[in-house]
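K.L.:
here's a sequence, model it:
(2 chains)
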Amino acid sequence: MAVILEARDLVKRYPLGEAEVDALRGVSLAVEQGEFVAIMGASGSGKSTMLHLLGGLDLPTSGEVVIDGISISALDEEHRTLTRRAKTGFVFQFFNLIPLLSVGENVALPFLIAGDPASRHRERIAELLALVGLVDKADHRPDQLSAGEQQRVALARALATKPAILLADEPTGNLDYTTGTEILDLLWDSADRLGQTIILVTHDARAAAYADRVLVVRDGEIRDEIALGRRKDHEARPLIRRLAELGL
Amino acid sequence: MRLATIAWRGLLARPLRTALAIVGIALGVAVVTATIITGSSSEQALRSATADLLGRADLRLRAFDDAGFRPRTIQALRALPNVEAVAPVSERRLTVSTTPGDNERVFTLLVMGIDPEADALVRDPRLDSGVPLSADSPTDVLAPASWVSRNGLELGDQLLLAGRREGMPPLRIIGLMADTGLAARENGDLLILSRTTLDESFGVPAPIRYLDLDLGDEPDEAAIERVTATLDEPFVVETEADAAAPLASAQEGFVGVALLFGLVSLVLGAFLVGNTMAMTVGERTRELGLLRAAGTTSRQVLGIVLRQAAALGVLGSALGIVAGIVLAAGMIGFLSSTRAVLVVGLPLPIGGLLVAFALGLGVTLVGALVPAMRAARLSPLEALRPSRRTDRGLLDRLRPLIVAELVVVAAAMLLVAVSGIRTPILPVLLSLGLLIGGAVAAAFVLEPLSRITGRPFERFFGAQGRLGRANLSRDRVRTGLTVGAMMIALAAVVALGTVAESARAGTERRVASILPGGHAIRVGLPLDAETFRPTFEATVGVEVASPVLDVPVVRVTDGDQEEAALAGIDPNVFDDENALIISGAPRADAYAALRAGGAVFVPESLARRVGIAVGDVMGLALPGGEIHELAVAGLVEFSLPARTADGALLVSTADARDLFGVTAASLWIMVPQADVPSSVFAAAVRETAVQLAAEPLTARDLAVELSRSLDRLIGLFDALALIAVVIGALGIVNTLGVGIGERVREIAILRSHGMTVGQVQAMVVAEAAMMGAIAGVLAIVTGLLVAFMLVNGGASAELAAGLRLPWPLLVAVLLVGTGVAALAGLYPARVAASLPIVRNLKHFE
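P.N.:
Numbers count the residues shown, from 1 in each chain, chains lettered A, B, ... in the order given. This is a model prediction of the structure:
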């Protein structure tokens, strides 16, 4: 499979008063097209920072991120944004829907932002709403939905433009067990059925167990890589055992 | 720590918002202060002008008829005991030009002749620069300083009187008069020279119109009687109030409208403060809840918010007073240079400044009252809830109030329209009610209006426009009040422009109705109708040259006499040209009666004032002459201008000649032949006028001249309205700033999905522009309603014709509203675009 995303020696340093804190210390990785990768780590390990750099939301202090052959770290703000728009989709912990737009409009948001009339993408929006099981709630406002439904809308929105990579930052962190499972099933389904490349950041081994491969981050470095392979059962025990062996 | 400290820290925590609220109040107070100072300056100027006009004279006599006082009367008066000085003032309306050449300029001015030595005994010349006239300087002339500077002239420049006798040298400006004294008359469009020079310049001496007499210390009735008994000519004794009356009317109108603008600006400032405080309370709900939970009483919370408002009010009002003094200096300078209103100096009335300060503080506290009460009513439990409290409850509570207010205003408007009530204060109060009610009601119509007005923006801005429009309904109270404040400012411009346009239309209608054929010639001294008719008829392209035989008369009622002016017109000319707007009788019948003789047309204003109707009989006579009974055949909406404010009573030329012995005319109606172009005829009329040292008139020029003073004032009021628009724009900056602060996470999510910096900026600017456009649409509706009330409720005859819409202004208001709001959105847009994405993705309220 072709490499769709590559990070080369990523360093991210933040000023903290007069000192500096290294959030990432020379991270390198490669993700193949259609792969489902989980990044695991404790709070403050640098996993979210890594996701932000991989998605072009933030710039590394040094190092390079290449998405689909484009080195986004070398781009200016405008072009980095356009690349992000074209190549990535994001799902965040706090759903982050636009409260004033309907469910359908929220899903169509990436098209709207691209200046592409939503009317030209009716079929795609219907397809996505069907995927997340919200066809009958297309005209609802976000505040009329449950937390799980809101996150499903966020997922549909992230998939709208068929992005090269879907980046999910703790997408189940704010959901109960059942709803969280629904979201993870949807993510896995989109990877397995649609061939969607996914990078999932989580501290939850049960969520990470959906991935083909788990990268374990600690103190700003990738400490281990656990290959799980594509499995339908999403059994978390082998991963938990392996993490325990690593002392996590 | 005291609770007051919490209040101060609350203000300091949001420096931009606090600064905007202070600036808003300061601008409102500045406009009020400036209008108070300018009004005071105007009153002072009026007092000073009147005092200087009469100087030390104890008695002013005005000649009743156009012949004026005879020179020998002056000699006789000077010979009387107790008469220390007699200062005659003669007058002629003349065409005056600068030295011939490329830069030659021509003016029509009132030229006044005085006896320099005698005049100096009665009044001081009040010169800004130069020297006064002296008896041995026949070529010297004094001109008002404002007129000189307005027309690009200077001390030492030469002026030529048109039609002067051959060999008369040019005049030289030797002194620039202050705007008071004799220079206060005619809006400063006049010249003063020696009476001898004025008389010698032409074949006929200028009539002596006034005699100002100094009767020594404490003159008694007997002294005055001795004077009046000496006079053979008919005369009118003028008091100081009579002399000041023509000056005072313009001043009153100016001060009233200016103060209205000041109040509008203050109301806007109050909206800004109310909005600011509502935002602060909304933002700090949780903090206030904590305070309440810790035992702070409702009263103490109320105190915190009101303390904040008081601090804003005190600072804003103090700044506003200083800014107002600067603004007043600018306004006084403008009024002084354009001479639109008589002003003098830069007075600082302490009482007035205190009133402005108190008004500023008062409206700030009133504006803050609703949010303060809301804060005080917060229950600790409600305030500590994680979800943000919406303003829907407030909106619902306000709804009945707004509906009630608008119903009252609508009913009152209907009353004004149907009953024709003519009280000036009622329309002004209703206008204020409509503006404020409309502004508050903006919150209710925001959503439906944004759907319509937002369309073009959505087409232009795309997704950013769609999102910008959606943002408008996020907090309808806040956005509605902001739009409402902007609407008030723009509505003031619409109302003012529409009233001005309607007044212009009225003036054009008036001029067209009294000037058949659209052309006329006005001569300084009446010319005998039969002798000069051939001269007028020799004008190229003339169909009819019709003299208006004018004469001062008295209206006799039950032994009482009132001064009136009579004009003899040719009924055929006026009827054929469809001149005069006649009421009370069919037009044909009225003209038939005038042709038959023994009939008079009466100005409507006079008829209304003294209760005259068609069919009544009016007694008119020359002073001391036989009383002629004339039947009132019709009432005219506008009559020919005369010395009396109502205008002339109109009779046929035959009656004027046969009953009142008038044979001369100072106004000649010139009707062109049907196939002669207006410009060609105007040139021919001008040529005839030059031959006669007279003034050519066209309906258009006359309308422009009559509207000139109004146009100058409108310019000034538009500048004041612009300040109000700036306050409205500050409100938009404020509201957008808060809105952006509330949705940093949302903006971050849009950015994470590929919205560029430019798109974020466009989204915020689109939101701002839509607010401006909605304000513009509402302003047009409200402004026109206000104009309707002012026009229909006003007492001015010019406005009787009803509304004429100033279409270009309406379009301009929409564009200016949108443009200014979009500009106001630039700064918040920059702030929104520069928000860091990653940090704000984690932001959670």
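K.L.:
residues of chain A that sit close to chain B?
P.N.:
A:52, A:55, A:57-58, A:77-78, A:81-82, A:84-86, A:89-90, A:92, A:94, A:96, A:98-101, A:109-110, A:112-115, A:157, A:169 (C-beta under 8 Å from any C-beta of the partner chain). All C-beta spots, glycine's among them, are computed from the backbone N, C-alpha and C.
K.L.:
rerun that using 6 Å as the cut-off
P.N.:
Taking C-beta under 6 Å from any C-beta of the partner chain, the part of chain A that reaches chain B is made up of A:52, A:57-58, A:78, A:81, A:84-85, A:90, A:96, A:98, A:100, A:110, A:112-113, A:115.
K.L.:
could you list every residue that touches residue B:780?
P.N.:
Residue B:780 makes contacts with B:494, B:810, as judged by C-beta atoms under 6 Å, 6 or more residues apart in numbering or on different chains.
K.L.:
report the secondary structure state of residue A:168.
P.N.:
strand (DSSP: H, G, I helix; E, B strand; the rest coil).
K.L.:
which strand residues bridge it?
P.N.:
In this structure, residue A:168 bridges to residue A:91, residue A:200 when assessed by DSSP bridges.
K.L.:
pLDDT on the helix ranked longest in chain A, on average?
P.N.:
Looking across chain A with DSSP state H, the single longest helix is helix A:177-194. Helix A:177-194 carries an average pLDDT of 89.
K.L.:
that older thread, of the residues of chain A next to chain B, the lowest pLDDT goes to which?
P.N.:
For those, the pLDDT minimum is residue A:96, 74.
K.L.:
I'd like the distance between that residue and residue B:538.
P.N.:
Distance of residue A:96 to residue B:538, computed by C-beta to C-beta, to the nearest Å: 89 Å.
K.L.:
and these two? which has more neighbours close in?
P.N.:
Using other C-beta atoms under 10 Å in any protein chain shown, the more surrounded residue of residue A:96 and residue B:538 is residue A:96, with 22 against 13.
K.L.:
once you drop chain neighbours, what's closest to the more buried one?
P.N.:
In this structure, residue A:96 finds its nearest non-sequential neighbour in residue B:749, 4.1 Å apart by C-beta to C-beta, 6 or more residues apart in numbering or on different chains.
K.L.:
got it, and residue B:669?
P.N.:
Per C-beta to C-beta, 6+ apart, closest to residue B:669 is residue B:546, 4.3 Å.
K.L.:
any idea which element the one you found lies in?
P.N.:
Using DSSP states H and E, residue B:546 sits within strand B:542-557.
K.L.:
same deal with residue B:770?
P.N.:
Using DSSP H and E, residue B:770 sits in helix B:757-793.
K.L.:
which residue is the nearest non-sequential neighbour of residue A:49?
P.N.:
Spatial nearest neighbour of residue A:49, chain neighbours left out: residue A:23 (4.4 Å); criterion: C-beta to C-beta, 6+ apart.
K.L.:
kindly provide the distance from the one you found to residue B:752.
P.N.:
From residue A:23 over to residue B:752 (counting by C-beta to C-beta), the distance is 18 Å.
K.L.:
cool, and residue B:678?
P.N.:
69 Å.
K.L.:
for residue B:696, give me its contacts.
P.N.:
B:521, B:685-686, B:689.
K.L.:
hmm, 8 Å instead?
P.N.:
B:519-521, B:682, B:685-686, B:688-689 (C-beta atoms under 8 Å, 6 or more residues apart in numbering or on different chains).
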